[in-house]
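In: Provided below for reference: sequence and predicted model.
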Amino acid sequence: MDRVLVVIFGLMGVGKTTVAKALGEARGWAVIHSDAVRKALAGLAPTTPALFEFGQGIYSEAFSQRTYTEMLRRAGELLEAGDSRVILDASFKRAQERDRVRELAREKEGRAAFIYCFCAKEVVRGRLLKRRSNSSAISDGRVELLEVQAEDFEPLTEAEQPLLRLDTGRGLAEVLEEVNRFLDGLSCQ
């Protein structure tokens, strides 16, 4: 089986990091989390809050592009070092960001697989409110930013294939079962 970059993406609070972490642990695959990379690039500890307005500070377009460039650099290094499966956990709200993943996969003689996470807004709001009191949380996603991020998210295109639209409003075991069926169908053993 060739090299695969698994992109787990979607809006804040939909459970991307939970799914990525659980999948990485279950399959022994490397995971690159955008929140951790972003904070490292900013010289911040992972759990240091960076509560900027939407699109400002370390969440500006320029800093986000820097974050994605570093994520892809790390993924490329892992693929070159012998990891044949790498998980990328980020919003990937821009079609161009998703295009760059496909380009890297082709460069490394592999392919990209996309898992778009979503769930009911009430579930997302509850998760974001709960995160607020979690001192070990890395993400800075907040309820007050959710609507503007949703409006800013570029629609999925035919290019995002293979694509699994994953409802993460269910229990993690059920969600992982669906992810594993999708990946096994791609022969990602």
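Out: Arrived safely.

In: any idea how far Ala81 is from Ala75?
Out: From Ala81 across to Ala75, the span is 11 Å (C-beta to C-beta, to the nearest Å). Backbone N, C-alpha and C define where each C-beta goes, glycine included.

In: could you do Phe54 as well?
Out: From Phe54 to Ala75 the distance is 26 Å (C-beta to C-beta).

In: likewise Ser60?
Out: Remark: distance between Ser60 and Ala75 (C-beta to C-beta) = 22 Å.

In: tell me which of Ala81 and Ala75 has more neighbours.
Out: Ala75 (23 against 8; other C-beta atoms under 10 Å).

In: do I have it right that that one meets Val86?
Out: Yes. Using C-beta atoms under 8 Å, Ala75 is in contact with Val86, at 4.7 Å.

In: joint contacts of those two?
Out: By the contact definition C-beta atoms under 8 Å, 6 or more residues apart in numbering, Ala75 and Val86 are jointly contacted by Leu5, Ile32.

In: OK, contacts around Leu183?
Out: Leu183 touches Val6, Ala113, counting by C-beta under 8 Å, 6+ apart.

In: helices of the protein, start to end?
Out: Remark: helices assigned in the chain by DSSP state H are 16-27, 34-41, 61-80, 95-107, 121-132, 143-152, 172-185.

In: turn these into a markdown table, columns for mean pLDDT and distance to Gly10.
Out: Below are the helices of the chain laid out as a markdown table (pLDDT from 0 to 100; distance: least, C-beta to C-beta, whole Å):
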| stretch | mean pLDDT | distance to Gly10 |
| --- | --- | --- |
| helix 16-27 | 96 | 6 |
| helix 34-41 | 93 | 12 |
| helix 61-80 | 95 | 15 |
| helix 95-107 | 95 | 12 |
| helix 121-132 | 85 | 10 |
| helix 143-152 | 82 | 10 |
| helix 172-185 | 95 | 12 |
